[in-house]
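>>> Below is the sequence, then the predicted model.
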Amino acid sequence: MSFEAVAKTTDTNSAREPFRGWYILAVTVIAQAITVGCTNYIYSLYTLPISAEFGASRMSMGSGMAIFLLAMGVYSPILGRVMDKGNKRNIMMVGGLLMASGFVLLAAATALWQMALVLVLFIASGSGMMGSLASGTVVTNWFERYRGRALGISLMGTSLGGAVIPLVAAPLIKMLGWRSSLLVLAAGIAVFAVLVVRLVIINAPKDIGQYPDGVKPSEEKVKAAAAIEQAAAEFSLSKLLRDPNFWRIAACTSLVMFAGVLLSTHFVPYAAELGIDSTAASFVLALFAMTGMVGKVFFGYLTDVVHAGRVFCVVALVDASAWGLLLSNPDYSIFLVGVGIMGFGVGGAAPVMNAVIAKCFGPQVFGRVMGFIGVILLLLIAIPGPLGGHIYDKTGSYHLVFSYTFWVFPLAALIAWFIRIPESVGAASKPIAHHH
């Protein structure tokens, strides 16, 4: 059965209304394109003009991304609980408006400390409320049987943002300056939040009399859903922290994302070190993002048909092969191949993580589990920004930090091998599964 066939299966709740999940899925794609594209992917484009204006070191500029990620780590468990319990549409809309306000304030900043404050109070909170955690929670509620693929499609937005937004931001910076370019981006974010998120997003299928995937569940699934509701009410942080899968998922995802953040934060300066100008670098970033889109759907699909822990092993090993190419002093064509493979592998990490969380812990507590994993994830991936900048400031090159980073991939693959998926997965799995 094809993915789209799920929505056309008989026994849908209403013949007159199309399954709303497809529209919601499309909006989550755009939401993640905005939140990730306007932060992680364009950060390095602003590194050189801002450091030139304020006389900042590379370590200071790298620390900006670290501050942003640390703030998201602090917000993550709070937002996870709010997303599970609250009105997801309103949360996402407010998040977009906070993010837009932050861009306006960044454009008016006169000191680096002001920019750091805006990153923490407005952009980190706003992107968290409208980005991957919010989108993953919504998609997990709307899809069940093909959840892995739906999560992969949704997370294509993060790569789509990387493919499109740097190509928009780079010429805006050249034509208008970095401050005015931020105002243009702010206007686009605000329009999306008010006109699209507010009109399309709905918390869960039951709110409008529909079902996950657009298909009426069997009696067995109805009973399983009732059991999940009961188990979700008994959810506790202490139980979560005793579950080995929690630590395995957090560790292997953090290691893979560590390398991805190092690359995205320092890529433009690193490319300049290799003789690649900023225009060519923005193209390579777009290639990284486009192959990431393919990786998200491909690896998301695999989690529907193959043990998700094994899929994570493949993701890590693909990344290792790509990183090896980038370290081999390649010519430009081989460099492009390495970046393309790297994007494909890194792209797969997020949908696999989301699918594993849903399979191990159940959809009813997805936001909370993802939120707590997000604390560990974001604390660790806050390191590569300042670390890469510090090593560059000391050695005049990024080669050393990129060389040592290679070893995170085999370690991630080893950890992922020990992830244990419960026999009963998806909607029938227990929110807190024990594996002893």
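Looks like it arrived, so ask away.
>>> and the helix or strand in which Phe103 is found, what other elements does it pack with?
For Phe103, the host element (DSSP states H and E) is helix 88-108. Counting contacts by 3 or more CB pairs under 8 Å, 6 or more residues apart in numbering; DSSP states H and E, helix 88-108 packs against helix 21-37, helix 58-85, helix 112-118, helix 125-130, helix 132-142, helix 178-192. (C-beta placed from N, C-alpha, C; glycine too.)
>>> Could you double-check that Asn141 lies in contact with Asn203?
Yes: using CB atoms under 8 Å, Asn141 makes contact with Asn203 at a distance of 7.0 Å.
>>> and those two? which has more neighbours close in?
More crowded of Asn141 and Asn203, by other CB atoms under 10 Å: Asn141, with 25 against 19.
>>> Not counting sequence-adjacent ones, nearest residue to the more buried one?
Ala204 (4.4 Å; CB to CB, 6 or more residues apart in numbering).
>>> Let me know the pLDDT of that neighbour.
At Ala204, the model reports a pLDDT of 83.
>>> how about it, phi and psi?
Main-chain torsions, Ala204, degrees, to the nearest 10: phi -150, psi 160.
>>> separation between it and Trp247?
29 Å (CB to CB, to the nearest Å).
>>> just checking, Val94 touches Met129?
Yes: counting by CB under 8 Å, Met129 is a contact partner of Val94 at 6.1 Å.
>>> which of these two has more neighbours?
Neighbour totals were compared for Val94 and Met129, and Met129 leads with 27 against 17 (other CB under 10 Å).
>>> Spatially, what comes nearest to the more buried one if we skip its sequence neighbours?
Gly95 (2.6 Å).
>>> List the contacts of the one you found.
The neighbours of Gly95, taking CB atoms under 8 Å, 6 or more residues apart in numbering as the test, are 35, 125-131, 134, 193.
>>> If you count neighbours, what's buried in stretch 79-87?
79-84 (16 or more other CB atoms under 10 Å).
>>> nope, stretch 301-317 is what I was after
So, applying 16+ other CB under 10 Å, buried residues of stretch 301-317: 301-304, 307-317.
>>> just those now: which is nearest Phe19?
Proximity of these to Phe19 (CB to CB) peaks at Asp304, which lies at 18.2 Å.
>>> number of nearby residues for the closest residue in space to Phe143 that isn't next to it in sequence?
Leaving aside its chain neighbours, Phe143 sits nearest to Ala150 (3.9 Å; criterion: CB to CB, 6+ apart). Ala150 has 30 neighbouring residues, counting by other CB under 10 Å.
>>> how close does Ala150 get to Thr140?
8 Å.
>>> And for Gly96?
Distance, Gly96 to Thr140, using CB to CB: 20 Å.
>>> same thing with Leu380?
Distance of Leu380 to Thr140, given as CB to CB: 24 Å.
>>> Report the contact partners of the closest residue to Phe246 other than its chain neighbours.
By the measure of CB to CB, 6+ apart, the closest residue to Phe246 outside its immediate chain neighbours is Leu240, 5.5 Å from it. Neighbouring residues of Leu240 by CB under 8 Å, 6+ apart: 246, 361, 368-369, 372, 432.
>>> Of those residues, which is the most crowded?
Highest neighbour count within the contacts of Leu240: Phe361, with 28 neighbours (other CB under 10 Å).
>>> is it true that it touches Met370?
No: taking contacts as CB under 8 Å, Phe361 lies outside contact range of Met370: 9.1 Å.
>>> picking up where we left off before, so for the residue nearest to Met129, what's the pLDDT?
At Gly95, the pLDDT value in this model is 93.
>>> next one: Phe246
Looking at Phe246, its pLDDT stands at 88.
>>> what's the angle from the helix or strand harbouring Lys174 to helix 21-37?
Using DSSP H and E, Lys174 maps to helix 147-176. Comparing the axes of helix 147-176 and helix 21-37 via axes from the mean of the first three to the mean of the last three CA atoms, to 10 degrees yields an angle of 40 degrees.
>>> who's in contact with the residue nearest the centre of the chain?
Note on the chain: the residue nearest the mean C-alpha position is Ser132, at 4.9 Å, using CA atoms, centre = their mean. Ser132 makes contact with 32, 35-36, 155, 158, 350, according to CB under 8 Å, 6+ apart.
>>> Ala355 too?
Contacts of Ala355 were listed using CB under 8 Å, 6+ apart, and they are 147-148, 151, 300, 303-304, 308.
>>> Same question for Val408.
255-256, 258-259.
>>> and if we set it to 10 Å?
By CB atoms under 10 Å, 6 or more residues apart in numbering, the residues touching Val408 are 252, 254-259, 262, 316, 319-320, 323, 380, 384.
>>> How about Asp84?
Asp84 neighbours (CB under 10 Å, 6+ apart): 137, 141, 232, 235, 363-371.
>>> same check, this time on Leu117
Applying CB under 10 Å, 6+ apart, the residues near Leu117 are 67, 102, 105, 109, 111.
>>> among the residues you listed, who's most crowded?
Most surrounded of these: other CB under 10 Å gives Gly102, at 27 neighbours.
>>> looking at it, it is touching Val118, isn't it?
Yes: if you go by CB atoms under 10 Å, Gly102 and Val118 touch, sitting 5.1 Å apart.
>>> what sits in contact with each of those two?
Ala124.
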